[in-house]
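Asks: Starting from these lines, generate the structure:
(chains A and B)
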Amino acid sequence: MYSEQVMEHFTNPRNVGEIPDADGVGTEGNPLCGDVMKMSIKVEDNRIKDIKFKTFGCGAAIAVSSIVTEMVKGMTLDNAMDLTKEKVAEALGGLPPNKMHCSNLGADALHKAIEDYRNRQKAKEEKKEFACHCPYCESSCDMPYPFCSHCGAAIKICPECGEALKKETAVCTKCGANVE
Amino acid sequence: MGESSAKKIYLDHIATTPCHPKVVDAMQPYFREIFGNPQSDHEFGWQAKMAIEEARAKVAGLIKSLPQEIIFVSSGTEANNFALKGIANAFEKKGKHIITSSIEHRSVLTTLKFLEKSGYKVTYLPVDKYGVVDPDDVRNNITEETILISIMHSNNEIGTIEPVAEIGKIAKERGIIFHTDAAASAGTVLVDVNELNVDLMSVSAHKYYGPKGIGALYVRKGVRITPLIHGGVQEAGRRTGIENVPGIVGFGVASELADKDMEVRRNYLTPLRDKLTKGILERIDHVYYNGHPSERLPNNVNIAIEYVEGESMLLSMMKEGIATASASTCTMMSLETSHVLQGIGVPPHVANSSLVFSIGIDNTEEDIERVINVLPNIVERLRAMSAIYPGRQ
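Replies: Numbers count the residues shown, from 1 in each chain, chains lettered A, B, ... in the order given. Okay, here's the model as predicted:
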């Protein structure tokens, strides 16, 4: 027997689907019963601006996914990370005891989506830090070429630290390695 | 629970059936008028005793046994417990090996697990992709130690009917006691204890329009069995405790009706079963058909609809007023993958997408049409939100 809230969310699930240009995606599954939940989020000003789910699972699994999306829309990422299975179950008017853990994967999938977003952000920043610049025209290049992709000047890459250097350089301007 | 105003359609007759009106009518006097203890030496008791013996003859008539070979018990589960533990105990000096199949009802498998803890050895025979036990496997696994073979007459989930007569013949030749759990079959298809060469057979009344709480174990004359319940004199000391008189009376009437109408019912149910199967296979893609195509119960349809979880289909159908079953892990009580679907090699993710329809004599062609019309929409809706559906192919 399910609560009215579970049946209502199961019958009219909110935010079904996938966000094509999502900022973060998280998938959580239960190997025992084969449930799979996928959450995709759009983030703006550190808040969940939009969220959608897709779920393969029982009635409880679908209701959990639906209510999680409703609960966290507009929430800051930190607050969303604090969402627990217990809070989700409470919002649904309770879940049958044997469904508490197997179908209650919504918060986990959401947390994975937020982690994915944060990892992507981190990767972007690292990329910025480590981006190399052409020693001639100073434009940034994503990957080292024998020639600058922007101005076409011949460059070389320090084998020690990866810095882009002028072709005639003998000692790396960044790490001091001999590059002759 | 259901919110639909449409007619409620019950398609879970393998779980239980409604009592036939004639069954209810027959039981009625045994609650207030003829309420005596059948063991009492006065009119109240004698009348109850007579009613029991009359019912015993009717149950015997259904399975073609002698009345004295029928022992009334509380359920199919008790009958299975009684048969396995009772024979294991009575023959423990002869040997401690039992042969069964991997797709038996839980009441058989769990009882055998219990016996394994007390030193019995159990061989669980595999089944083929239709769920059929190979009689040669039975023959090849018999040892000097084998005291009992227990193979179900038909499987309650996939409806497959086992070659029980052939297995019974092998058991007979080797002098081994043979039990069959006929709870899913008795009253629906003919189970003749002599044709089937069985020594013990479990029967349950509520599977064929009789009341709940009553069943029988058939024990062939001359077969020794240790009682499960010890006490007084009822059932010749083999199953003691006061008899469930109204239940036994209802059981008798249900058996009499099932025996009389068996052909009519089968001819009514089989086309409905086939219509439902055909309708689903035609209208929904990615569907597995489980069980034997011909050797199956006339009322059973077992299918698996990939990429949709079983329980979510049950809930959706419930909202349409349709009651049916699934062997999905996620059905609310069990939370374990169906050992039957695993036994026939259905992958676990597909087993979780199973639906079990069991049709009854009160269902109509319109009921079946309604399911065929409603189910594709339910599947489409759930697949649209499924995280694993690859799209229509």
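Asks: okay, now residue A:31: neighbour count?
Replies: By other CB atoms under 10 Å in any protein chain shown, the residues close to residue A:31 number 7. Heads up, the C-betas are built off the backbone N, CA and C, glycines and all.
Asks: Need the pLDDT of it.
Replies: pLDDT for residue A:31: 70.
Asks: With the one 10 residues further on instead?
Replies: According to the predicted model, the pLDDT of residue A:41 comes to 97.
Asks: Confirm it sits in a helix?
Replies: No: counting by DSSP: H, G, I helix; E, B strand; the rest coil, residue A:41 falls outside a helix, being strand.
Asks: count of residues packed around it?
Replies: Neighbour tally, residue A:41, other CB under 10 Å: 25.
Asks: Tell me what it is bridged to.
Replies: Beta-bridge pairing for residue A:41 (DSSP bridges): residue A:24, residue A:51.
Asks: for chain B, what are the nearby residues on chain A?
Replies: Residues of chain A lying close to chain B by CB under 8 Å from any CB of the partner chain are A:1-2, A:7, A:10-11, A:13, A:16-17, A:27, A:32-38, A:53-62, A:96, A:98-99, A:102-103.
Asks: low-scoring stretches of chain B, by residue?
Replies: Residue ranges of chain B with pLDDT under 70: B:1-5, B:329-335, B:392-393.
Asks: can you tell me which helix in it is longest?
Replies: The longest helix of chain B (DSSP state H) is helix B:245-283.
Asks: List the buried residues for that helix?
Replies: By neighbour count on 16 or more other CB atoms under 10 Å in any protein chain shown, the buried set for helix B:245-283 is B:245-259, B:261-262, B:265, B:268-269, B:272-273, B:275-277, B:279-280.
Asks: that older thread, among the residues of chain A next to chain B, which are located in helices?
Replies: Per DSSP H, these map to helices at A:7, A:10, A:11, A:59, A:60, A:61, A:62.
Asks: and of the residues you listed, the nearest to chain B?
Replies: residue A:59 (4.3 Å; CB to the nearest CB).
Asks: Surely the closest one touches residue A:7?
Replies: Yes: applying CB atoms under 8 Å, one finds residue A:59 in contact with residue A:7, separated by 7.5 Å.
Asks: Show me how chain A divides into domains.
Replies: A:4-127, A:130-180 (automatic domain parsing).
Asks: Highest neighbour count among the ones in helices among the residues of chain A next to chain B?
Replies: residue A:62 (32 neighbours).
Asks: Pull up the gap between it and residue A:10, please.
Replies: From residue A:62 over to residue A:10 the distance is 5 Å, taken as CB to CB, to the nearest Å.
Asks: got any residues that touch both of the two?
Replies: By CB atoms under 8 Å, 6 or more residues apart in numbering or on different chains, residue A:62 and residue A:10 have these common neighbours: residue B:312.
Asks: quick one: the residue most central in space within chain B from residue B:152, how far?
Replies: Residue closest to the average C-alpha location in chain B (CA atoms, centre = their mean): residue B:184, at 2.5 Å. For residue B:184, the distance to residue B:152 (CB to CB) stands at 7 Å.
Asks: ok, then the element right after the lowest-mean-pLDDT helix or strand in chain A?
Replies: Least confident helix or strand of chain A, by mean pLDDT, DSSP states H and E, is strand A:140-141 with a mean of 67. Per DSSP states H and E, the first helix or strand lying C-terminal to strand A:140-141 is strand A:155-157.
Asks: packing partners for that following strand?
Replies: Helices and strands touching strand A:155-157, as assessed by 3 or more CB pairs under 8 Å, 6 or more residues apart in numbering or on different chains; DSSP states H and E, comprise strand A:164-166.
Asks: Strand partners (parallel or antiparallel) of the strand it packs on?
Replies: Using DSSP bridges, strand A:164-166 pairs in its sheet with strand A:155-157 (antiparallel).
Asks: Centre of the chain to the strand it pairs with, how far?
Replies: 34 Å (CA atoms, centre = their mean, to the nearest Å).
Asks: what's the model's confidence in that strand, averaged?
Replies: Per-residue pLDDT over strand A:155-157 has a mean of 81.
Asks: ok, residues contacting that strand?
Replies: Contacts for strand A:155-157 (CB under 8 Å, 6+ apart): A:132, A:134-136, A:144-148, A:163-167, A:169, A:179.
Asks: which residues in the chain form strands?
Replies: Using chain A. A:24-29, A:36-44, A:47-56, A:132-133, A:140-141, A:155-157, A:164-166 (DSSP state E).
Asks: hmm, I had chain B in mind actually
Replies: B:9-10, B:70-73, B:97-101, B:121-125, B:146-150, B:177-181, B:200-204, B:215-219, B:287-290, B:300-305, B:322-323, B:354-358.
Asks: Out of those strands, which gets nearest to residue B:234?
Replies: With distances scored as CB to CB, the stretch of the strands of chain B nearest to residue B:234 is strand B:70-73 (8.5 Å).
Asks: what number of residues lie near residue 81?
Replies: No chain in the question, so chain A it is. For residue A:81, the count of nearby residues is 15 (other CB under 10 Å).
Asks: try again with chain B
Replies: So residue B:81, with other CB under 10 Å, has 20 neighbours.
Asks: Centroid-nearest residue for chain A?
Replies: Note: chain A centre (CA atoms, centre = their mean) maps to residue A:116, 2.2 Å.
Asks: May I see the buried residues of stretch B:108-120?
Replies: B:108, B:109, B:111, B:112, B:115, B:120.
Asks: and what of stretch A:39-54?
Replies: For stretch A:39-54, by 16+ other CB under 10 Å, it's A:39, A:40, A:41, A:42, A:43, A:47, A:48, A:50, A:51, A:52, A:53, A:54.
Asks: and residue B:338, what is it in contact with?
Replies: Residue B:338 makes contact with B:157, B:327, B:328, B:329, B:351, B:354, according to CB under 8 Å, 6+ apart.
Asks: Please apply the same query to residue B:65.
Replies: With CB under 8 Å, 6+ apart, residue B:65 has these contacts: B:193, B:218, B:220.
Asks: And those, which is closest to chain A?
Replies: residue B:218 (36.7 Å).
Asks: Chain neighbours aside, what residue packs nearest to residue 100?
Replies: By default, I'm working from chain A. residue A:89 (6.3 Å; CB to CB, 6 or more residues apart in numbering or on different chains).
Asks: meant chain B, my bad for not saying
Replies: residue B:150 (4.7 Å).
Asks: So, low pLDDT: which residues of chain A?
Replies: Ranges of chain A meeting pLDDT under 70: A:102, A:128-132, A:141-145.
Asks: In it, which residue sits nearest chain B?
Replies: Closest point on chain A to chain B, by CB to the nearest CB, is residue A:58, at 3.6 Å.
Asks: is it true that that residue touches residue B:308?
Replies: No: using CB under 8 Å, residue A:58 is not in contact with residue B:308; the gap is 10.6 Å.
Asks: neighbour count winner among those two?
Replies: For residue A:58 versus residue B:308, neighbours defined as other CB under 10 Å are more numerous around residue A:58 (31 against 28).
Asks: Just list the residues touching that one, thanks.
Replies: Here residue A:58 is in contact with A:33, A:35, A:99, A:103, B:309, B:310, B:311, B:312, B:315, B:328, B:330 (CB under 8 Å, 6+ apart).
Asks: mind redoing it with 6 Å?
Replies: A:103, B:309, B:311, B:312, B:330 (CB atoms under 6 Å, 6 or more residues apart in numbering or on different chains).
Asks: Check residue B:10 too.
Replies: residue B:323.
Asks: what's the spacing between residue B:387 and chain A?
Replies: Taking CB to the nearest CB, to the nearest Å as the measure, residue B:387 falls 4 Å from chain A.
Asks: Go ahead and confirm that residue touches residue A:56.
Replies: Yes: in this structure residue B:387 lies within contact range of residue A:56 using CB atoms under 6 Å: 4.9 Å.
Asks: What number of residues are in the vicinity of the residue in the stretch 51-200 of chain B positioned nearest to chain A?
Replies: Closest residue of the stretch 51-200 of chain B to chain A, CB to the nearest CB: residue B:106 (16.9 Å). Neighbourhood size, residue B:106 [other CB under 10 Å]: 14.
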